[in-house]
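> next comes the sequence, and after it the predicted model I'd like to discuss.
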Amino acid sequence: MQIADGIFYVGVNDHQLDLFEGQYIVPNGMAYNSYVIVDDKIAVMDSVDANFGDEWIAKIEEVLDGRTPDYLIVQHMEPDHSANITTFTDRYPDAVVVGSVGAFNMMQNYFGTKFEGRNLVVKEGDTLSLGSKELSFIAAPNVHWPEVIFTYVAADKVLFSADAFGKFGALDVDEDWDCEARRYYFGIVGKFGAPVQKVLAKVAKLDVQVICPLHGPILSEDLGHYIGQYQTWSSYGVETPGVVIAYSSVYGHTKEAVELLAQTLKDKGCPRVVVTDLARDDQAEAVEDAFRHGHLVLATTTYCGGVFPAMDQFIHHLIDHAFQKRTVAFVENGSWMPAATKGMRALMDKCANITYTEHNVTVKGSLNDASRAQIDALADELVAQF
């Protein structure tokens, strides 16, 4: 696939994978993107997952038709993009490996070598001429690993963005970009909002018409939408007004309270209500929903004097991914000594800029008039904020 004059896609689709990074469900597979820039000299942009080395090399050779690469640009050292570096260097012994100092330190860890004598260390502002095309390197530390660089080709207005602007899903499957890019962002990049903001400020100074990420489709239309989404996500802004109710329930009474709250919110005019069962639904999607919306209700059962395990795990996911700038409410259940709100609040206090609602809900066993009144009061408070 030709992206621009002399720039070609040589990535692969992975439909063998069940869990990306050992935890994220990828029902539509995964794409590992690589690119070739052909000029007087030739640069290959990143490699692919270990299982696809032969397919990747075959695609490179088909594009080059007898020519050999001069450079391998390593923007990101995560193994799904770097595993075939030695496959490349063995195949093309005269090619130079290009990367940041951090990337070469990681190569020493992974491969036992920094490719001394055939390496080129680059940093922010450095350039590499291929002839008519000049590559400009942009430091992008902690987006989402510390060694990351972006590469910009001014002649074609193409930005190679490493893992930024990536998404779950193989390229031979048609699916919504926002949904799977959002889940990918908040699951993998989400903690690093400040570094993403810094690199977006650098990108804003460039004339970019095409974005080539290491996962997901090449972006060449409506770039304002994609960049705008990244601005919202990385600044922890609210993308969609609404309430997410994340719950776990043992015997169904907490679930009943959640269903009543959800219906009451809808009846009172809440713009959007999302309900997720943390014991059954994909927690990565629950994290995505929590970051997407501005209001979160945590509802669970008191368990061993604390918080039910599925809820405890979910809140720790939020903490680990720097959840912030949201309004949070609690619904607890406990037959004789409700304590879940206290436990959830102690965990949520580890998140920055959280506003707690005045009203919360306590269910003692099953719903009664008192807990139904609490649900109604909480719904009033939440809806008044829209």
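Looks like it came in fine. Everything quoted here is computed from the prediction, not taken from an experiment. Numbering: from 1, shown residues only.
> can you show me the strands along the stretch 251-386 of the chain?
Using DSSP state E, counting those that start in this stretch, the strands found in the stretch 251-386 of the chain span residues 273-277, 293-303, 306-307, 324-333, 352-356, 361-363.
> least reliable of those strands going by mean pLDDT?
Sorting the strands of the stretch 251-386 of the chain by mean pLDDT places strand 306-307 lowest, at a mean of 92.
> surely residue 257 touches residue 374?
No - in this structure, residue 257 is not within contact of residue 374 by C-beta atoms under 8 Å, at 9.2 Å. Using the backbone N, CA and C atoms, a C-beta is placed for each residue, glycine as well.
> neighbour count: the two, which is higher?
Counting neighbours by other C-beta atoms under 10 Å for residue 257 and for residue 374 shows that residue 257 has the greater number, 26 against 19.
> coming back round to it: overlap in contacts of residue 257 and residue 374?
Common contact partners of residue 257 and residue 374 (C-beta atoms under 8 Å, 6 or more residues apart in numbering): residue 361.
> what sits against the residue nearest to residue 323 when sequence neighbours are not counted?
Take residue 323 and drop its neighbours on the chain: the residue closest to it by C-beta to C-beta, 6 or more residues apart in numbering is residue 351, 4.9 Å away. Contact partners of residue 351, counting by C-beta under 8 Å, 6+ apart, are 318, 319, 322, 323, 324, 326.
> ok, residue 351 to residue 344 distance?
Remark: distance between residue 351 and residue 344 (C-beta to C-beta, to the nearest Å) = 11 Å.
> for residue 163, same thing?
Distance from residue 163 to residue 344, by C-beta to C-beta: 32 Å.
> nearest residue to the middle of this structure?
Nearest to the mean C-alpha position of the chain, by C-alpha atoms, centre = their mean, lies residue 185 at 1.7 Å.
> name the element the nearest residue to that residue once chain neighbours are set aside belongs to?
Excluding its sequence neighbours, the residue lying closest to residue 185 (C-beta to C-beta, 6+ apart) is residue 233, at 5.2 Å. Assigned by DSSP states H and E, residue 233 falls within helix 223-234.
> neighbouring contacts of the helix-or-strand element of the chain with minimal mean pLDDT?
One helix or strand of the chain scores below all others by mean pLDDT, DSSP states H and E: strand 306-307, with a mean of 92. Under the criterion C-beta under 8 Å, 6+ apart, residues 300, 312, 315, 339, 340, 343, 344, 347 lie in contact with strand 306-307.
> one more: stretch 79-94?
Stretch 79-94 is contacted from outside by 30, 32, 44, 46-50, 52-53, 56-57, 68-70, 72, 74-76, 95, 97, 106-107, 110-111, 115, 118, 214, using C-beta under 8 Å, 6+ apart.
> return the subset of those lying in strands.
30, 32, 44, 72, 97 (DSSP state E).
> the stretch 251-386 of the chain: helices as residue ranges?
Applying DSSP state H, counting those that start in this stretch to the stretch 251-386 of the chain gives helices spanning 253-267, 283-292, 309-320, 340-348, 369-383.
> one step back: let me have the ones in strands among the contacts of stretch 79-94 in a markdown table, extended by pLDDT and distance to residue 80.
Formatted as a markdown table, those follow (pLDDT from 0 to 100; distance: C-beta to C-beta, whole Å):
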| residue | pLDDT | distance to residue 80 |
| --- | --- | --- |
| 30 | 98 | 8 |
| 32 | 98 | 6 |
| 44 | 98 | 16 |
| 72 | 98 | 16 |
| 97 | 98 | 18 |
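> returning to what we had before: please list only the buried members of the contacts of stretch 79-94.
Buried by 16 or more other C-beta atoms under 10 Å: 30, 32, 44, 46-49, 52-53, 56-57, 69-70, 72, 74-76, 95, 97, 106-107, 115, 214, out of the contacts of stretch 79-94.
> in helices, which of the residues you listed fall?
53, 56, 57, 106, 107 (DSSP state H).
> among the residues you listed, which two are most distant?
57 and 106 (22.0 Å; C-beta to C-beta).
> which strands and helices lie in contact with the helix holding residue 233?
Contact partners of helix 223-234 among helices and strands, from 3 or more C-beta pairs under 8 Å, 6 or more residues apart in numbering; DSSP states H and E: helix 177-184, helix 193-203.
> pull out the buried positions in the last one.
Neighbour-count burial for helix 193-203 flags 193, 195, 196, 198, 199, 200, 203 (criterion: 16+ other C-beta under 10 Å).
> quick one: contacts of the helix holding residue 233?
164-165, 177-178, 181-182, 185-186, 190, 192-194, 196-197, 200, 203, 208-209, 211, 219, 237-239, 291.
> could you measure residue 66 against residue 40, distance?
As judged by C-beta to C-beta, residue 66 and residue 40 stand 16 Å apart.
> looking at these two, which is more packed in?
When neighbours are counted by other C-beta under 10 Å, residue 66 and residue 40 differ, and residue 40 comes out ahead with 10 against 5.
> residues in contact with that one?
Neighbours of residue 40 in contact, by C-beta under 8 Å, 6+ apart: 130, 131, 132.
> now, of those, which are buried?
residue 130.
> pLDDT at the residue nearest to residue 185, what is it?
Looking at residue 233, its pLDDT is 98.
> ok, it to residue 288 distance?
Distance from residue 233 to residue 288, counting by C-beta to C-beta: 10 Å.
> cool, and residue 20?
Distance, residue 20 to residue 288, using C-beta to C-beta: 14 Å.
> could you do residue 96 as well?
For residue 96 relative to residue 288 (C-beta to C-beta), the value is 40 Å.
> have a look at those two and say which one is more surrounded.
Legend: neighbour count by other C-beta under 10 Å for residue 96 and residue 288, higher for residue 288 (24 against 19).
> the more buried one contacts residue 188, correct?
No - contact criterion C-beta under 8 Å: residue 288 and residue 188 do not qualify, at 11.2 Å.
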